[in-house]
Every structure is written in C-alpha cells, then in structure tokens.
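> the amino acid sequence is not available; the structure is as follows:
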C-alpha cells in the first residue's frame with residue numbers, strides 16, 4: 001500500500017498548495033488522480049518522491065508511507081531504491097543522450113545484471129526503442145520520448161510507478177498505445193498512480209479514482225462509479241458541453257438550471 005495521509009504542502013513558506021490530502025494506492029492497482037490545472041496533482045507526486053525541495057516546497061503536516069515505512073525523511077534516491085519510480089510531466093529525457101544511455105541512467109541504482117535485464121525488458125515492451133537504441137533521444141517523436149521516459153523509470157524495477165500526464169502533447173493514436181502500455185505494466189506487477197487530465201482514458205483503466213481541486217480531495221470513488229457520476233461526466237468527460245469551472249461550479253450551474261426551469 002502506498003498511502004498519503006492528511007498531507008499539507010507549502011511552497012516558499014507562503015503558498016499552501018495541499019490542504020489535508022489523503023489517498024491510497026493498494027498493491028496491484030491503477031489509481032487515477034484527476035483535477036484541473038493548478039489543483040495540486042503534481043505536488044502530490046513530488047511529495048511522494050521527495051522532489052519538493054527542488055521546487056522550494058516542504059511538507060508541513062501529514063505523511064507518505066509505503067507498506068508502512070515512512071518516506072518523508074528519505075532522499076529522492078532512497079525513495080527510488082524503496083520501490084517508487086516517477087515519470088514527470090514533460091518527459092524530461094536527456095535529449096543529448098542516446099536512447100540506450102537514457103535507459104541506463106534510469107538504472108543508476110541497479111547492478112550490471114539488473115541493467116542488462118532492464119534493457120531487455122524495455123526493448124521488448126517498446127520495440128521502437130530497440131530499433132533506435134543508438135539514436136539521440138532529442139530526435140524522437142513526442143510519443144517515443146514518452147515511451148523512453150517510462151522505460152527509463154522502469155529500469156529501477158519499481159513496485160509503484162507514478163505517471164504525471166503521460167498523454168500530454170501526444171497524438172490520439174499514441175494515447176491509446178500509452179493506455180495499453182500502462183495496463184501491461186500493471187499486469188506485469190507494477191502498481192500505478194496516474195495523474196491525468198484525460199479523464200476518459202484514466203478512468204477506463206483505473207480501479208479507483210480521486211478528484212483534487214484547489215488542494216483538497218473532493219471526490220473519492222471506484223473508477224466505475226466516477227465514470228457514471230453526473231458531475232464528472234459534465235466537467236471532466238465533457239458529455240454535457242460544460243468545459244470550465246470546477247465540480248462546485250457544475251453543481252451550482254445545474255441547480256440554477258433546475259430553478260429556472
């Protein structure tokens with residue numbers, strides 16, 4: 001179990017971004033974390049993987065645990081060694097390195113044998129990376145770079161993989177491929193915490209989902225129930241034409257609509 005308990009995070013000792021966030025990602029699950037821009041989704045991932053310091057943020061309350069072991073006091077490399085990997089928004093590959101050099105960088109805490117096994121797994125999972133292993137990564141397409149970023153994170157053989165907006169900026173055809181890859185990764189034994197604005201894609205594969213708004217969890221349900229929730233349909237799935245605001249705005253809009261009718 002990866003658990004976030006009553007978490008508060010402040011940036012630059014002034015800006016309170018997370019306000020008592022709690023969520024759980026059980027072993028073997030795909031958990032979706034949804035929400036609009038600025039809700040705090042990426043901050044949740046940074047808090048889990050120990051990257052808040054880089055962005056002048058810190059945890060002021062609550063804790064993050066993996067199988068009961070507290071991660072708050074660990075460094076980012078120690079958290080990776082404990083079994084948590086992350087693919088950050090925007091991919092963040094080493095553009096000047098080759099594909100294989102990028103993958104090897106992901107296995108910096110692994111033995112030579114583990115690196116060799118990781119490379120073999122990555123090339124089996126992503127055949128296009130095998131074809132381009134000696135190519136400079138900066139020349140890959142956006143979808144290929146995302147595959148490389150995922151492959152690099154998997155080199156450390158994490159038990160939990162955190163994905164931050166994997167579908168951002170890639171073609172619809174590639175989004176479907178990424179969806180299938182996330183399912184494949186999960187079926188191979190890696191639990192997934194998926195941050196996505198593409199709610200339809202995320203909820204189609206998740207077992208459970210959370211909706212985060214302005215630093216607070218406002219919905220917490222099995223993914224199947226979220227898919228059928230009228231407010232989620234209206235705001236996140238775009239099924240009723242309302243594309244802006246928040247879940248609170250949607251509820252107010254619908255109340256006004258009923259009153260006027």
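Sure thing, it's come through. Treat the numbers as computed from the prediction; the structure is a model and nothing was measured.
> from now on I want contacts and neighbour counts done on CA atoms only, so please keep to that.
Will do.
> and the residue nearest to residue 212 when sequence neighbours are not counted, what is it in contact with?
In space, and not counting its chain neighbours, residue 212 is closest to residue 35: 4.9 Å by Cα to Cα, 6 or more residues apart in numbering. Shown in contact with residue 35 (Cα atoms under 8 Å, 6 or more residues apart in numbering): 41, 196-197, 211-213.
> and which of those is nearest residue 104?
residue 196 (27.0 Å; Cα to Cα).
> returning to that earlier point: select from the contacts of residue 35 the one having the most neighbours.
Neighbour counts for these, by other Cα atoms under 10 Å, peak at residue 41, which reaches 26 neighbours.
> next, that residue: phi, psi?
Phi and psi for residue 41, reported as degrees, to the nearest 10, are phi -60, psi -50.
> hang on, it packs against residue 195?
Yes. Taking contacts as Cα atoms under 8 Å, residue 41 lies within contact range of residue 195: 6.7 Å.
> what's the overlap in contacts for those two?
33-34.
> tell me which element residue 183 is part of?
helix 172-187 (DSSP states H and E).
> I'd like the mean pLDDT over that helix, please.
For helix 172-187, the mean per-residue pLDDT is 92.
> so the most centrally placed residue in the chain versus residue 150, what's the distance?
Residue closest to the average C-alpha location in the chain (Cα atoms, centre = their mean): residue 163, at 2.7 Å. Residue 163 sits 8 Å away from residue 150, taking Cα to Cα, to the nearest Å as the criterion.
> could you tell me which residues touch both of those two?
Common neighbours of residue 163 and residue 150 (Cα under 8 Å, 6+ apart) are residue 87.
> nearest spatial neighbour of residue 20, chain-adjacent residues omitted?
Residue nearest to residue 20 in three dimensions, not counting chain neighbours: residue 6, with 4.2 Å by Cα to Cα, 6+ apart.
> show me where the stretch 101-250 of the chain has strands.
With strands called from DSSP state E, counting those that start in this stretch, the stretch 101-250 of the chain shows them at 160-164, 191-195, 208-213, 216-222.
> which ones are touching residue 164?
Contacts of residue 164 by Cα under 8 Å, 6+ apart are 42, 45, 86-89, 194-196.
> run the last query once more with 7 Å
Residue 164 is in contact with 42, 87-89, 194-196, counting by Cα atoms under 7 Å, 6 or more residues apart in numbering.
> just those residues now: which is nearest residue 66?
Using Cα to Cα, the contacts of residue 164 come closest to residue 66 at residue 194, 16.6 Å.
> the closest one pairs with what?
residue 32, residue 163 (DSSP bridges).
> surely it and residue 33 touch.
Yes. With contact defined as Cα atoms under 7 Å, residue 194 reaches residue 33; the gap is 6.0 Å.
> residues contacting stretch 137-154, please?
Contacts for stretch 137-154 (Cα under 7 Å, 6+ apart): 85-87, 91, 93-99, 102-103, 106, 122, 166, 170, 174.
> what residues sit buried inside it?
137, 140, 142-154 (16 or more other Cα atoms under 10 Å).
> tell me the one of these nearest residue 28?
So of the buried residues of stretch 137-154, ranked by how close each gets to residue 28 (Cα to Cα), first place is residue 154, at 15.6 Å.
> and that closest one, how far from residue 56?
27 Å.
> returning to that earlier point: narrow the buried residues of stretch 137-154 to those in helices?
142-154 (DSSP state H).
> output the residues you listed as CSV; include the columns pLDDT.
Shown next, in CSV, are those (pLDDT from 0 to 100):
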residue, pLDDT
142, 87
143, 88
144, 91
145, 92
146, 91
147, 92
148, 93
149, 94
150, 94
151, 94
152, 94
153, 93
154, 93
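> closest to residue 73 among the residues you listed?
Nearest to residue 73 among those is residue 153, at 21.7 Å by Cα to Cα.
> count of neighbours near residue 165?
Neighbour count for residue 165, taken as other Cα under 10 Å: 21.
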